Structures are given as structure tokens and as C-alpha cells.
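> Build me a model:
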Amino acid sequence: MTVMARITNNQDAYGRLIHDYYNGCRGLEIDERGDGYIAVGSTPGVYFAEYKDWPPFERRAIQHAKGRVLDVGCGAGRVALYLQQRGCEVIGIDVSPLAIATCRKRGVRRAKVMSATDVSPRLGRFRTIVMYGNNFGLCASARRARWLLRRFHTMTTDDAKILAASNDIYQTDDPAHLAYQRHNRARGRMSGQIRLRIRYRTYATPWFDYLMVSPDEMAMLAESAGWRLAGTVHDNGPLYAGVLEKAPRSG
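Sure, this is the predicted structure:
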């Protein structure tokens with residue numbers, strides 16, 4: 001979900017949304033951007049989707065997942081549950097306590113309340129890191145992306161992969177989005193560094209940054225942190241998954 005360090009019950013809008021959905025209460029996620037732009041987010045059923053109902057690019061990219069897996073921003077546990085069924089050892093992390101509670105109820109064996117920025121080698125070594133649901137966005141900014149990717153480098157095997165889903169925000173002609181991108185660049189931020197919060201009923205998360213990047217930008221950030229973009233998997237449209245591998249060591 002987000003890169004926030006700790007959230008209170010009243011701030012757990014995302015977790016409350018999926019917890020309510022799991023218990024039969026339907027609602028809508030509202031995404032509020034820092035410039036006042038408001039949109040309806042993903043329907044909560046997406047967070048519970050079985051593999052057959054995932055977007056084709058996600059189904060293809062997940063075939064790269066092997067070994068011990070870290071599911072970053074695990075939400076309701078759809079990725080963790082699928083990989084468990086394939087025999088992988090999976091740890092799911094999310095900053096939302098209610099999301100983690102829902103994961104556990106659904107059968108995710110290892111699920112921890114943890115921000116992406118709190119990960120460390122203390123979790124053990126992983127062969128695959130999954131960042132689905134646009135969760136490359138959890139990198140938040142170019143600076144934090146480099147830091148987090150370097151952290152992932154220290155806690156993964158030599159043959160590790162990161163499966164990072166993002167949204168190529170340049171594939172738009174919406175004047176509101178184009179103006180927001182220009183505003184970001186004028187402030188020295190990446191075009192897709194979005195300041196937002198999630199609202200649901202009376203709940204609202206704190207404001208946080210979420211980073212959406214083009215494949216070229218993902219490759220640039222990866223290369224600065226010891227990874228390389230080995231390929232992308234995409235359908236028609238801006239959503240895609242980058243497959244990151246550790247870059248060969250020089251010398």
C-alpha cells in the first residue's frame with residue numbers, strides 16, 4: 001500500500017475498505033491528489049482477485065517468481081496466496097494493520113505489518129520481490145527508489161528478480177494529468193511523483209508520495225542501485241510489469 005511508517009485506526013482507510021469488503025460490506029476507494037484532483041480508485045474486488053482474473057501482464061510476469069518471495073504492499077493477499085499454492089515460501093508486508101489481518105484470515109501464512117522502508121536483511125534472503133498493484137510506487141521518489149532498491153539488493157540472492165508493476169503516466173492526454181506532470185518537473189520532482197491520500201467513508205490516510213514511472217525511468221533508477229531492467233511485460237495501455245535482475249558485477 002503506502003510508505004507511511006505507522007498509521008492509526010482512523011487513518012487505515014485502505015485496510016478498512018478491504019476488511020469491510022471481506023466481511024460483505026461494499027464501498028469505494030477515493031484517491032485524492034495534492035492538487036485537488038479526485039478519482040475513484042480500484043474496486044476492492046481487485047485486491048481479492050484470483051489468478052485467472054488478474055490482468056494478463058501480471059499473470060505472465062508472475063511466472064518469474066521463484067524461491068523465497070517478499071510480497072511488498074500485499075493488500076488482501078492475492079499474490080501471496082497464489083504463490084503459496086505454487087509452493088513458494090512467501091512473506092507479505094503492508095503498512096495497514098487491517099490489510100494484514102485480512103491476509104491472515106484468508107490463509108496467508110506469514111504476513112507482517114511493516115512499511116516498505118522498514119525492510120532489512122533481518123527478514124532473511126529472498127529470491128523474488130513482488131511489487132504488484134502499481135506498487136513500484138512505494139518507492140515514493142527518485143531518491144527513495146535508489147535507497148530502497150539498494151536495500152533490496154542486500155537482502156536478495158545473486159539470481160534474484162524484482163517484479164515491479166507501474167503505470168507509464170506519459171500515456172495520457174488528460175490536461176489535468178499533464179499539468180500535474182509539468183508542475184512536478186518545475187519543482188525538480190519526477191513527472192509521476194504523486195502526492196495523494198486514500199479516503200474511505202470517514203477514514204483517510206495521511207498524505208504520502210507514490211511514484212509512477214515509464215519503463216525507461218524504471219531502468220534508470222534500477223541501474224543506479226545495482227539492478228537492470230531485463231524486460232517488461234505489458235498489455236495494451238499504460239500498465240506494465242518490469243522484471244529487474246541484479247546487474248553483473250564489473251571486473
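> So D159 versus V90, what's the distance?
D159 sits 18 Å away from V90, going by C-beta to C-beta, to the nearest Å. In this view, the C-beta of every residue, glycine as well, is placed from N, C-alpha and C.
> Between these two, tell me which one has more neighbours.
V90 (25 against 11; other C-beta atoms under 10 Å).
> Touching, the more buried one and R110? I think so.
Yes: in this structure, V90 is within contact of R110 by C-beta atoms under 8 Å, at 6.7 Å.
> The longest strand belonging to the chain pairs with which strands, parallel or anti?
Longest among the strand segments of the chain by residue count, using DSSP state E, is strand 156-167. Partner strands and pairing direction for strand 156-167 (DSSP bridges) are strand 126-131 (parallel), strand 239-246 (antiparallel).
> So which bits of the last one are buried?
When you say that, I think you mean strand 239-246. L239, Y240, A241, G242, V243, L244, E245, K246 (16 or more other C-beta atoms under 10 Å).
> Now do the helices in this structure.
13-22, 56-61, 78-85, 97-106, 142-154, 175-186, 215-223 (DSSP state H).
> What residues are bridge-paired with L196?
On the basis of DSSP bridges, L196 is bridged to R33, F208.
> contacting residues for it?
By C-beta atoms under 8 Å, 6 or more residues apart in numbering, the contact set of L196 is D31, E32, R33, G34, W207, F208, Y210.
> State whether the second one and R197 are indeed in contact, as I suppose.
Yes: using C-beta under 8 Å, E32 is in contact with R197, at 5.3 Å.
> Tell me the spacing between R185 and W207.
Going from R185 to W207 by C-beta to C-beta gives 20 Å.
> which stretches of the stretch 51-200 of the chain have low pLDDT?
Along the stretch 51-200 of the chain, no part satisfies pLDDT under 70.
> Now do the same contact list for Q171.
Going by C-beta under 8 Å, 6+ apart, Q171 touches G237, P238.
> try 6 Å
P238 (C-beta atoms under 6 Å, 6 or more residues apart in numbering).
> Over to V213?
Each residue near V213 by C-beta under 6 Å, 6+ apart is listed here: S166, G192.
> One more: A230?
Contact analysis of A230 by C-beta under 6 Å, 6+ apart lists V243, E245.
> Chain neighbours aside, what residue packs nearest to S42?
Excluding its sequence neighbours, the residue lying closest to S42 (C-beta to C-beta, 6 or more residues apart in numbering) is E29, at 6.1 Å.
> Now the phi/psi pair for the one you found, please.
phi -90, psi 130 (degrees, to the nearest 10).
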